[in-house]
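In: just the structure for this:
(2 chains)
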Amino acid sequence: MLDLKLEDIDGILVRYNVALEKEMTPDEAAEELYPKDELIYPVAKAIYEGEEDDVVDALQSAIAAGKKPIDLIDDALMVGMGVVTQLYDDGIIFLPNVMMSADAMLAGIDFCKSQTTEVPEPKGKVVCHVAEGDVHDIGKNIVAALLRANGYEVIDLGRDVPVDEVIAAVEKEKPMMLTGTALMTTTMYAFKEVNDKLLEKGVKIPFACGGGAVNQDFVSQYELGVYGEEAADAPKIADAIVAGTTDITALREEFHKH
Amino acid sequence: MVKKYTSMAYANADELIFGNSKFPVKAGLGLEIGAGYTSPEVNYAPRPGAGASKEKLIKEYERITTDIMARMVQIGAPSVVLETEHVQQMSNNPTWGGAVAHAQKTIMEEYHDEYGIKCALRHTIGDIREDRDYLQLRGDKYSTFMEAFEEAANNGADLLAVESMGGKEVFDYSILRNDTAGILFGIGVLGSMDMEMVWSDIADVAKKTGTVASGDTDCAQANTAMFIAGGLLDKNLAHTTAIVARAISAARSLCAYESGAVGPGKDCGYENSIIKSIAGVPITQEGKTSTCAHSDLMGNIVMQCCDLWSNESVEYHGEFGGTTVQCWSETLAYDCSMMNVALKTGKAKDLRDILVLSDKYRDPQGYVLAYDNAYKVGQAIAKDGENNYLRAKNAAIECCNIIEEGVNSGKLRLTRFETNALAKVKADLESLTDDADKFMSDNLTKFKQEVAVFKPENYGL
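Out: The predicted model follows:
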């Protein structure tokens, strides 16, 4: 078969990912970000490494040394997860690392809860669902994991969720934001119905939508819609809302890229 | 009856070429696929809201079909295949799918009768075998699922296809956690088991209705990996991991042809070059002409040995140049014209190699799927063709070896992250047992505990 000479390849294509790769390894970058407290450090490191057992061991040590379980959620687990999300946002680690860290963090939160009667305070509550008629839920699972990793309480309604069930959940849970994901053009139409029924009931919360065939033009057609191009946009939209940007137009201004 | 492939259909990789397959398939109205020429295969999705009623949906597909056939005639295209991927309403209500097939075929027959254009209609049934919470592969929906094939076939569909989802629950969990054994178990073991069941039954429907059991794609798994992996700068999954999933998927998608399918394989099965090398069946591929549906890093290379050339899917609406299906069918037809000229003028292998080289070093995914390397993955599968697990594992290991060779040549360059991910996957694979029963038993235990939605009874386990 024909082949290219090594020196000719760069004229055909550029591997920008190789050319621009960060000098620092992920482990080195993480090390720079860990908290220095000797009781918190092992928790954060175990979160970064996604080792659930090590997270629980480190929490036990911290509790034995006098730390309050409820405080460890914010002061250790969320701090460790903060390291992970920062490395992900900086393009130093990849999504599977975040997912494994999120699993480890949730195991840690469960452990802390089991050690106290106090109830942790989340940053906010988000209801997540996959559009009615659509069973493709990997995108929603990523969104839910990233939201939890960022300190949000997630009410996960699952996939193929009937419109009325979404409305009922929003009325009951009173979330700060609703998310909807869909893979297919035919199912994403349900988002518009959700939007209309929420408005009928006077509920005006941001409705962050994305996935597969969903695009900015479509989401812009209904009043509450905010388009998220990537799963990682979900916690960023939530953070913007927590920071005071609740107006849909303002959120679109910030997150609509096209 | 499942007959496993243990040898290669092609004596060497260089024989793999577009427009030609070892076993061409006659279908529809005068078409022969893989018999010395390529044809466009146009795929489309109705507009949001078109599925509100049966009548509305039929009307939408009538518009789409007429638009495509008219444009093909206007530009002088000699042949075309239309692929209707069922929206859920059509598969859940098989008479809807049948009615759409009938409406489309009626229009296609009119064009065939008037202009002699060769054409065929593929209906890809939606894999509806699931409920809200779980896959329900063998449950109540199975009979509706099969009925959907039969209704489509009885009402005008020429080619029957599906993008089946067996193993997806384990795969989805594993791919997001870099769990190599889980990826292999989901695609190579569970996926293969489900494929053998589904495709034996689809082949029976095809036989009964005089239609063609065409093929499957590991869209639900390997394409999920490819999409998560994304472009060069995306940080969601190592592309080296994504191509290992793809190599495994070839062992899985091959099961369709072992169970009675004859091709053409589905467009988004990027594993199809590997499958063609083993089974000699015609294949559909999609590349630069499917940017309307998604981006990938293999726009030209996958054209290398396609028999049908597809646009993956496009929502039906207006563009400056006509409706989307008109624009994309025209693009596909001109690409096919180029390939067909190359075939007639003895330049096909040169064109093939140019297409391959334009992408081969762009990304590890394209590197492994280049026909010379795809053939090697095929050989690794055929070597232990009788054993679904071993052959999938072989494919994965061969994929790792191929990438390493590419890196050693200096021509394929990986990021440190891709290199590390490759090393991890390879080490994971090499630590796995060769005993399929032990692998099954270990992973059943593991995933029953870890994946709440995994139900072994879906696989008769």
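
In: what number of residues are in the vicinity of A:Leu59?
Out: Per other Cβ atoms under 10 Å in any protein chain shown, the neighbour tally for A:Leu59 reads 26. Placement of C-beta: from N, CA and C, glycine included.

In: same check on B:Ala213?
Out: B:Ala213 has 29 neighbouring residues, counting by other Cβ under 10 Å.

In: over to B:Ser200?
Out: The burial metric for B:Ser200, expressed as a neighbour count using other Cβ under 10 Å, is 18.

In: not counting sequence-adjacent ones, nearest residue to it?
Out: By the measure of Cβ to Cβ, 6 or more residues apart in numbering or on different chains, the closest residue to B:Ser200 outside its immediate chain neighbours is B:Ser259, 4.5 Å from it.

In: how about that neighbour, what does it touch?
Out: B:Val2, B:Met195, B:Glu196, B:Val198, B:Trp199, B:Ser200, B:Ala203 (Cβ atoms under 8 Å, 6 or more residues apart in numbering or on different chains).

In: how close does the last one get to A:Leu146?
Out: It refers to B:Ala203. Taking Cβ to Cβ, to the nearest Å as the measure, B:Ala203 falls 43 Å from A:Leu146.

In: now swap in B:Arg138 and tell me
Out: As it turns out, when the distance is counted by Cβ to Cβ, B:Arg138 lies 34 Å from A:Leu146.

In: the two: which has the busier surroundings?
Out: Shown here are B:Arg138 and A:Leu146; by other Cβ under 10 Å, A:Leu146 has more neighbours (25 against 15).

In: for that one, which three-state class applies?
Out: Each residue gets one of three states, and A:Leu146 gets helix by DSSP: H, G, I helix; E, B strand; the rest coil.

In: the strands in chain B, which residues?
Out: Ranges of strands in chain B, per DSSP state E, are B:20-27, B:31-35, B:39-44, B:79-85, B:118-125, B:159-162, B:212-215, B:284-286, B:308-310, B:318-319, B:322-323.

In: spatially central residue for the chain, please.
Out: I'll assume chain A. A:Leu146 (1.9 Å; Cα atoms, centre = their mean).

In: ah, I was thinking of chain B
Out: Per Cα atoms, centre = their mean, the C-alpha nearest to the average position across chain B is that of B:Gly269, at 2.4 Å.

In: what residues does the stretch 251-400 of chain B have near chain A?
Out: When proximity is defined as Cβ under 8 Å from any Cβ of the partner chain, the stretch 251-400 of chain B approaches chain A at B:315, B:349-350, B:353-354, B:356-362, B:371-372.

In: same thing but 6 Å
Out: B:Glu315, B:Asp353, B:Leu357, B:Tyr361, B:Arg362, B:Asp372 (Cβ under 6 Å from any Cβ of the partner chain).

In: so which of those residues wins on neighbours?
Out: Neighbour counts for these, by other Cβ under 10 Å, peak at B:Tyr361, which reaches 25 neighbours.

In: that residue contacts B:Lys411, correct?
Out: Yes. Between B:Tyr361 and B:Lys411 there is a contact under Cβ atoms under 6 Å: 5.2 Å.

In: how many residues are close by B:Phe320?
Out: Around B:Phe320 sit 5 other residues, with neighbours defined as other Cβ under 10 Å.

In: quick one: it and B:Thr289, what's the gap?
Out: Look at B:Phe320 and B:Thr289: by Cβ to Cβ, they are 18 Å apart.

In: what parts of the stretch 151-258 of chain A come near chain B?
Out: Neighbours of chain B within the stretch 151-258 of chain A, by Cβ under 6 Å from any Cβ: A:Asp160, A:Thr185, A:Thr186, A:Tyr189.

In: care to break chain A down by domain?
Out: For chain A, whose domains are defined here by automatic domain parsing, the residue ranges read A:22-114, A:125-255.

In: as TSV, those domains with mean pLDDT would be great.
Out: TSV is the format used below for the domains of chain A (pLDDT from 0 to 100):
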stretch	mean pLDDT
domain A:22-114	94
domain A:125-255	94
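
In: could you dump those domains to CSV with distance to B:Thr240?
Out: Converted to CSV, these look like this (distance: least, Cβ to Cβ, whole Å):
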stretch, distance to B:Thr240
domain A:22-114, 11
domain A:125-255, 20
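
In: quick one: closest of the ones you listed to B:Val81.
Out: Comparing those against B:Val81 with Cβ to Cβ, the closest turns out to be domain A:125-255 (21.4 Å).

In: can you give me the helices in chain A?
Out: Secondary structure of chain A (DSSP state H): helices located at A:9-12, A:16-19, A:26-33, A:41-49, A:52-64, A:69-72, A:78-89, A:95-114, A:138-149, A:163-173, A:185-200, A:216-219, A:233-242, A:248-255.

In: quick one: which of the ones you listed is nearest A:Lys125?
Out: helix A:163-173 (6.0 Å).

In: quick one, that closest one and helix A:185-200 angle?
Out: Here helix A:163-173 points in a direction 40 degrees away from that of helix A:185-200 (axes from the mean of the first three to the mean of the last three Cα atoms, to 10 degrees).

In: which elements pack onto helix A:163-173?
Out: For helix A:163-173, the contact count by 3 or more Cβ pairs under 6 Å, 6 or more residues apart in numbering or on different chains; DSSP states H and E identifies strand A:125-130, helix A:185-200 as packing neighbours.

In: for the last one, list the C-alpha coordinates in CSV.
Out: Below are the C-alpha coordinates for helix A:185-200, written out as CSV (Å, rounded to 0.1, in the frame of the first residue of the first chain):
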residue,chain,number,x,y,z
THR,A,185,-34.7,14.5,17.7
THR,A,186,-38.0,12.8,18.1
THR,A,187,-37.8,12.5,21.9
MET,A,188,-36.3,15.9,22.6
TYR,A,189,-39.7,17.4,21.7
ALA,A,190,-40.8,16.4,25.2
PHE,A,191,-38.6,19.2,26.6
LYS,A,192,-40.9,21.7,25.1
GLU,A,193,-43.9,20.1,26.8
VAL,A,194,-42.1,20.1,30.1
ASN,A,195,-41.3,23.8,29.6
ASP,A,196,-45.0,24.6,28.8
LYS,A,197,-46.4,22.7,31.7
LEU,A,198,-43.9,24.2,34.1
LEU,A,199,-44.9,27.7,32.9
GLU,A,200,-48.6,26.8,33.2
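
In: buried set for that helix?
Out: A:Thr185, A:Thr186, A:Thr187, A:Met188, A:Tyr189, A:Ala190, A:Phe191, A:Lys192, A:Glu193, A:Val194, A:Asn195, A:Leu198 (16 or more other Cβ atoms under 10 Å in any protein chain shown).

In: any chance of the contacts of B:Ser259 in CSV, with pLDDT too?
Out: CSV is the format used below for the contacts of B:Ser259 (pLDDT from 0 to 100):
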residue, pLDDT
B:Val2, 75
B:Met195, 98
B:Glu196, 97
B:Val198, 98
B:Trp199, 98
B:Ser200, 98
B:Ala203, 98
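
In: which of these sits closest to B:Ala220?
Out: Distance ranking of those against B:Ala220, using Cβ to Cβ, places B:Met195 first at 11.4 Å.

In: sorry, back to before: in CSV: the helices of chain A, plus distance to B:Asn20.
Out: Conversion of these to CSV gives the following (distance: least, Cβ to Cβ, whole Å):
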stretch, distance to B:Asn20
helix A:9-12, 27
helix A:16-19, 36
helix A:26-33, 47
helix A:41-49, 52
helix A:52-64, 53
helix A:69-72, 65
helix A:78-89, 46
helix A:95-114, 40
helix A:138-149, 37
helix A:163-173, 50
helix A:185-200, 35
helix A:216-219, 41
helix A:233-242, 46
helix A:248-255, 49
